[in-house]
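**Student:** how would this look folded up:
(one chain, ligands or ions: 1)
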Amino acid sequence: MDSSCSIIDSKASFSASTDIPLNKAIGITSTVPVEIIFAAGYIPIDLNNIFICDEDPYGMVENAETMGFPRNTCSWIKGIYTATKNVGIKRIIGVVQGDCSHTNALLEVFQSEGIEVIPFSYPHKGNRSLLEAQLVELAKTLGVEFYKAQEMKARLDKVRSIVHEIDRLTWEEGKVSGEANHYWNVSTSDMMGNYELYEQKAAEFLKNAINRQPKKLETLNSKLETQIRIGFIGVPPICTDLYVFLESLGTHVVFNEVQRQFSMPYPTETLTEQYTRYTYPYSIFGRLEDIKSEVKKRNICGVINYVQSFCFRNIQEKIIRANIGVPMLTLECDRPGRLDGAMKTRIEAFIEMLKG
Ligand code: SF4
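**Tutor:** The predicted model follows:
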């Protein structure tokens, strides 16, 4: 387990296949309406988290290549494949619209190997009636009344509100590191498979964070700030030491874009509204609106745009760069592990430029 995963150490221990009742486990490869899964009495397992919190995520990618996955494929896909096999997951909810073609092909591989795949789509442009039909269909497939999932939304909203407060303490009070912010937000995708335990752990973390001293001179509008306030946008990073390295350069990551989206940051009344406002599966323009608004609100002076090698989202870089309004460094990584020397040099030069 890398040290970052120890922030949510229960997830790492949960990753041992023996801990998971497989007849109740449903693997997920991306954020899906977890309220429906919990309401139906199943345990959501985010396979991305199982992969990246493993002791040897690099070896998991290599294992998938040994099993026939091409080298020029996204490493998250290969890690998810090995994680699924290691844990012994038999059922997966797969996002067939609103994620990516790599995921679609991965789902086909799973089907060919006898794993049940339940399809879920985020309709183009977040069309409400089409999305609601998807939510109702998913509830029906899992054998739960849709109103029960709505009730579960109200319960999970309480859990999510703790993570929203952790996020606020990150950017407004400087009491939570960018790395801890990343982990609490990213793990809302499955809430460790146990939302009550997750709630308890998040509440403990929050209680400790509230009593911390804020980082020196770090106030939202201070001209004396010693730390550079930066944002992180794009899919969660596969490299393990990015946040630690950024902090060592005197920066404070006050915004984790996609991870924050996983936490469903907007107040909403219904599941349909919640997953319509979730920006990640829809067009880049919705994401941009959210990014620009948070960059302004959080007083961010520069942004790291993380892109995963071989991901289609890399093409959107030019749209983001043209519209974001603050300096941006695009950082591309392929495999899990530490940043290499060239990446570190580019990051250092970017931060020096921001300081200047
Ligand atoms: S990083 Fe890109 S290619 Fe990889 S799973 Fe995510 S969306 Fe697909």
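
**Student:** the strands in this protein, which residues?
**Tutor:** With DSSP state E as the criterion, the chain has strands at 25-28, 43-46, 91-97, 116-121, 228-234, 251-256, 302-308, 328-333.

**Student:** now for the longest helix seen in the chain, which elements pack on it?
**Tutor:** If each helix of the chain is counted by residues according to DSSP state H, the longest one is helix 146-171. Helices and strands touching helix 146-171, as assessed by 3 or more Cβ pairs under 8 Å, 6 or more residues apart in numbering; DSSP states H and E, comprise helix 34-39, helix 128-142, helix 178-186, helix 195-210, strand 251-256, helix 271-277. Heads up, the C-betas are built off the backbone N, CA and C, glycines and all.

**Student:** 6 Å - rerun?
**Tutor:** Packing partners of helix 146-171 (3 or more Cβ pairs under 6 Å, 6 or more residues apart in numbering; DSSP states H and E): helix 34-39, helix 128-142, helix 178-186, helix 195-210.

**Student:** Would you mind telling me which of these is nearest the ligand?
**Tutor:** The ligand sits nearest to helix 178-186 of all these, at 13.0 Å, using Cβ to the nearest ligand atom.

**Student:** do that closest one and the ligand meet?
**Tutor:** No - contact between helix 178-186 and the ligand, assessed by Cβ under 6 Å from any ligand atom, is absent, since the two come no nearer than 13.0 Å.

**Student:** which parts of the stretch 1-150 of the chain sit against the ligand?
**Tutor:** Within the stretch 1-150 of the chain, the positions adjacent to the ligand are Cys74, Trp76, Ile77, Asp99, Cys100, His102, Thr103 by Cβ under 6 Å from any ligand atom.

**Student:** repeat that for 5 Å
**Tutor:** By Cβ under 5 Å from any ligand atom, the part of the stretch 1-150 of the chain that sits against the ligand consists of Cys74, Trp76, Cys100, His102.

**Student:** Let me know how buried the closest residue to Pro327 other than its chain neighbours is, in neighbour terms.
**Tutor:** Spatially, and ignoring its direct neighbours in sequence, Pro327 is nearest to Gly302 (4.5 Å; Cβ to Cβ, 6 or more residues apart in numbering). Residues near Gly302, counting by other Cβ atoms under 10 Å, number 20.

**Student:** per-residue pLDDT, the residue nearest to Gly79 when sequence neighbours are not counted?
**Tutor:** With Cβ to Cβ, 6+ apart as the measure, Phe51 is the residue that lies nearest to Gly79, at 3.5 Å, once sequence neighbours are left out. The confidence metric pLDDT takes the value 96 at Phe51.
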